[in-house]
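>>> Sequence plus the predicted model coming up.
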Amino acid sequence: MKTALAGALLLLASQTEACSNIVVSAGASADGAPMVAYAADDGSVFGHLRHFPAATNPAGTMRKVWDWDSGTYLGEIPDAGVRYNVVGNMNEFGLIIGETTFGGLGSLGTQPGAKIDYGSLIWITLSRVKTAREAIALMYELTNKYGYYSTGETFSIADHNEAWVMDFIGKGPGEVGAVYLARKVPDGMITSHANQARTRTWDHSDTVNNLWAPDVITFARRKGLYNGTDADFSFSDTYDPVTFSGARLGEARAWSVLQKVSNDSSFGDRYLNYAQGHNLTNRMPLFVWPKSKLSVNDTMWHMRNHNDGTWFDESSDVGAGAFHMRYRQRPLVWEYGDNKYVNERTIATQQTGWHFVAHSRGATLPKEIASVIWFGVDDTSTSCHFPAYATSTAIPITWALGTGSATEFELRSAFWVFNLVANYAYSRWNPVFGDVQKKIVETESRYATELNSTDAAVIQMLAKGDTQGAIQTVTEFTVSTGDGLVDDWVTFWGALFVKYRDGFITTPGQVKHPEDIPIPDCKEPGYDEAWRRRIVNEAGDKYRVWTNLTDADYLKLKSIK
């Protein structure tokens, strides 16, 4: 492969939304329904559930467009005559679109006058088309007509039957539009991506499983980015050459998923040096065969990955502190002396705004209940999803834009309530995190049961021809479940605060007589063996007791609190 890159073109655009995605084809899904898992990771993002109601617009209706990342007003474009109902990143027909930003070549990072950014592109597309193939075509059409405001993106796109991954980048200043390469996830396989373009070469004779912009190669040649053959052209190597940061802080997240699910037990070791950023030529395959089919619950837990038990595990070094915290203070890259170092970037991360696992079940279920998005806010590892039907005509107020903001605390806001629990867990990770995960399991298991019951009730309504009642039922379920989760999580936060306040582990006191006043039992767990060893090694004899403690000492200790 021959790639001609001028020095200035090697500058990579900044990554504004550092997200992670998992894409599961129908054949790799436990129930035969494709899934997309997504986390929007940006500390400035206020996590909330979006709802764009279905509408019929008169001719001439315009749609205003703002850049999702900056809030910049970009202008307006003609709206569709018919808009489909959209809840989160899923529409009423089961179309799902997620993304991760790879940035790409700095020379292609801006397109003055463009009216569509990647966020608006997602929701405009969801409001207009029903299938993944239609989405790919429309996204290309819209950006070629109105320009593309953003840097490079990898989009995850799925419907009731197919799942796709599409790398997409604008043409830069002096041009209008974008180029792309979309690869269908082979049935029975999965993929993952995280801030690094992953599509490379493809079979140009296979136009069923591969879709691409007509000028994806000729544009690269015209810009002096590539001078090889069509067959050797690689999207990633041309438009987003992999760097140390792209591998270690991006691809390592995809590796963390793929090495867990792959039926190739050697996958993790084989591509470890690539994920570490040591061997950038040892690229991972785009798709893998899983050793077992993935359920919704499996996919949720893969999105809670902290790299535990792998080479990237951060749970035991000094940065983890006494309670084995999985995160580090930002920035990701820091300096000491003449060297630079990294904090590992895991899929689960403290700065997540919102996340979901969307499940497109239309191949076996009626439209009214076929499309479900399990939605959550904040850190994926400390938050709980609730199921929302994409046909719902309303969403819970506690999850909506306007209930609190990124700079305004509101106890009725899901975003802030989940932040309360997460940030409390960060203070004493090991004891608190276990309670949080137990609560997540209990809650999501209950929601799965309630979702199945609602499905069954709606199917009975539809059998009687009560479509209106069916939509009302799924809407009431979505609203009550979401609002109820926020109430439950406020109570849970209070319970955690009581149990773990002031370094104790507090349990209710026992009474021997009905007239006794119960006094809570406040246990002092102290530090684990590893941390006590570290204190002694670093402080020497500073804290050592230089005498044998007597009974009198122990009696005195009872008086010293």
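Yep, that arrived. Numbering: from 1, shown residues only.

>>> just for the stretch 1-150 of the chain, where's the confidence low?
1-17 (pLDDT under 70).

>>> rerun at 50
1-16 (pLDDT under 50).

>>> Test my guess that Arg200 contacts Phe235.
Yes. At 6.3 Å, Arg200 counts as touching Phe235 under the criterion of Cβ atoms under 8 Å. C-betas here are computed from N, CA, C, even on glycine.

>>> So these two - more neighbours on which side?
Between Arg200 and Phe235, Phe235 has the larger neighbour count (other Cβ atoms under 10 Å), namely 28 against 19.

>>> Phi and psi next, for that one.
Main-chain torsions, Phe235, degrees, to the nearest 10: phi -60, psi -50.

>>> Make 46 the first number, not 1, from now on.
Understood, numbering begins at 46; the last thing we discussed is Phe280.

>>> these two touch, right, it and Phe213?
No. Assessed by Cβ under 8 Å, Phe280 is found out of contact with Phe213, at 9.6 Å.

>>> isn't there a helix covering Ile504?
Yes. Per DSSP: H, G, I helix; E, B strand; the rest coil, Ile504 lies within a helix segment.

>>> contacting residues for the closest residue to it other than its chain neighbours?
Nearest residue to Ile504 in three dimensions, chain neighbours excluded: Pro411, at 6.9 Å (Cβ to Cβ, 6 or more residues apart in numbering). Going by Cβ atoms under 8 Å, 6 or more residues apart in numbering, Pro411 touches 503-504, 507.

>>> try Asn189
Asn189 neighbours (Cβ under 8 Å, 6+ apart): 221-223.

>>> Of those residues, grab the buried ones for ChimeraX.
Buried subset of the contacts of Asn189, written as a ChimeraX selection, criterion 16 or more other Cβ atoms under 10 Å:
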select :222,223
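
>>> Just give me how far stretch 340-352 sits from the chain centre.
Chain-centre distance of stretch 340-352: 10 Å, with Cα atoms, centre = their mean, to the nearest Å.

>>> Give me the contacts around that stretch.
By Cβ under 8 Å, 6+ apart, stretch 340-352 touches 65, 67, 69, 74-76, 80, 82, 84, 297-298, 301-302, 305-306, 339, 358-360, 371, 389, 391-393, 400, 402, 404, 419, 425-426, 430, 489, 493.

>>> can we see that at 7 Å?
With contact meaning Cβ atoms under 7 Å, 6 or more residues apart in numbering, stretch 340-352 is reached by 67, 69, 75, 80, 82, 84, 301-302, 305, 358, 371, 389, 391-393, 400, 402, 404, 419, 425-426, 430, 489.

>>> pLDDT of that stretch, averaged?
Regarding stretch 340-352, the rounded mean pLDDT is 98.

>>> what's the answer for stretch 567-584, then?
94.

>>> what comes up buried for that stretch?
Buried-residue list, stretch 567-584, by 16+ other Cβ under 10 Å: Trp576.

>>> Cross the contacts of Asn189 against strands and list the overlap.
Ala223 (DSSP state E).

>>> Out of the contacts of Asn189, which comes closest to Ser437?
Ala223 (32.2 Å; Cβ to Cβ).

>>> Can you check the pLDDT for Asn318?
Asn318 is given a pLDDT of 98.

>>> what distance separates the host helix or strand of it from the middle of the whole chain?
For Asn318, the host element (DSSP states H and E) is helix 317-320. Remark: helix 317-320 is offset 22 Å from the chain centroid, using Cα atoms, centre = their mean.

>>> now swap in stretch 76-91 and tell me
4 Å.
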